[in-house]
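S.K.: make a model of this:
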Amino acid sequence: MKTASASLVSLLNSQNVYLMADLVTLTLYGGQVLRLTSWDSDLVLGGATFSAAGGTVPAFSRGKTRITRGLEVDTLDLTLLTGDSAKLLGIPLPQAAANGALDGARVKLEWAFMQVPGDTAPGSVWFFEGAVAG
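M.R.: Numbering: from 1, shown residues only. Coordinates of the predicted model:
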């Protein structure tokens, strides 16, 4: 079951228009945390800053998500984009991934909701969390 703050429930139940952004938290095996957003500028939620990676293109693309019940495993297709400046641990992302930087990492996807662009005060809803696979 998904949970939400009272202000978020109120926003979602209102007739008002709202905005949404994907928030991705990538926690590497060594404990380093990377936070990315699909929004066109950085977003702050709960004291954590989610980077828009310059805002020119999203730092990731999200494909299909499969949420199941019972013993089946939920899945999320998430692609980190590898522009010229995309680095992980100071190394170009493709090379870092090939060297095992994403081995043992975990990924979390939340949806942030906003009445006003950039104002994440209503909060977010956890959507997916799991291990990074090949």
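S.K.: all helices of this structure, in order?
M.R.: Along the chain, counting by DSSP state H, helices occupy 6-13, 93-98.
S.K.: least reliable of those helices by average pLDDT, please.
M.R.: Among the helices of the chain, helix 6-13 carries the lowest mean pLDDT, a mean of 72.
S.K.: centre of the chain to that helix, how far?
M.R.: 21 Å (Cα atoms, centre = their mean, to the nearest Å).
S.K.: and for that helix, what's in contact with it?
M.R.: Residues outside helix 6-13 that contact it (Cβ atoms under 8 Å, 6 or more residues apart in numbering) are 4, 18, 113, 115, 121, 122, 123, 124, 125. For every residue, glycine as well, the C-beta is placed using N, CA and C.
S.K.: follow-up on the earlier one: could you export the helices of the chain as CSV, including distance to residue 59 and mean neighbour count?
M.R.: Output for these, formatted as CSV (distance: least, Cβ to Cβ, whole Å; neighbours: other Cβ atoms under 10 Å):
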stretch, distance to residue 59, mean neighbour count
helix 6-13, 24, 13
helix 93-98, 10, 15
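S.K.: for residue 42, which of these is the nearest?
M.R.: Between residue 42 and the helices of the chain, the tightest spacing by Cβ to Cβ is seen for helix 93-98, at 19.0 Å.
S.K.: rewinding a little: among the contacts of helix 6-13, which two are most distant?
M.R.: So, these by Cβ to Cβ: farthest apart are 115 and 125, at 15.3 Å.
S.K.: let me see the mean pLDDT of stretch 103-113.
M.R.: 90.
S.K.: nope, stretch 121-134 is what I was after
M.R.: Here the average pLDDT along stretch 121-134 is 82.
S.K.: now stretch 76-87
M.R.: pLDDT averaged over stretch 76-87 gives 70.
S.K.: quick one: end-to-end distance for that stretch.
M.R.: Its start and end residues considered, stretch 76-87 measures 22 Å (Cα to Cα, to the nearest Å).
S.K.: in this protein, which spans are strands?
M.R.: 19-27, 33-37, 43-45, 48-50, 60-66, 75-80, 87-88, 91-92, 106-114, 124-131 (DSSP state E).
S.K.: redo these as CSV? Include mean neighbour count and distance to residue 10.
M.R.: Formatted as CSV, these follow (neighbours: other Cβ atoms under 10 Å; distance: least, Cβ to Cβ, whole Å):
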stretch, mean neighbour count, distance to residue 10
strand 19-27, 18, 16
strand 33-37, 19, 23
strand 43-45, 18, 18
strand 48-50, 16, 23
strand 60-66, 13, 26
strand 75-80, 16, 28
strand 87-88, 17, 39
strand 91-92, 14, 44
strand 106-114, 19, 11
strand 124-131, 16, 14
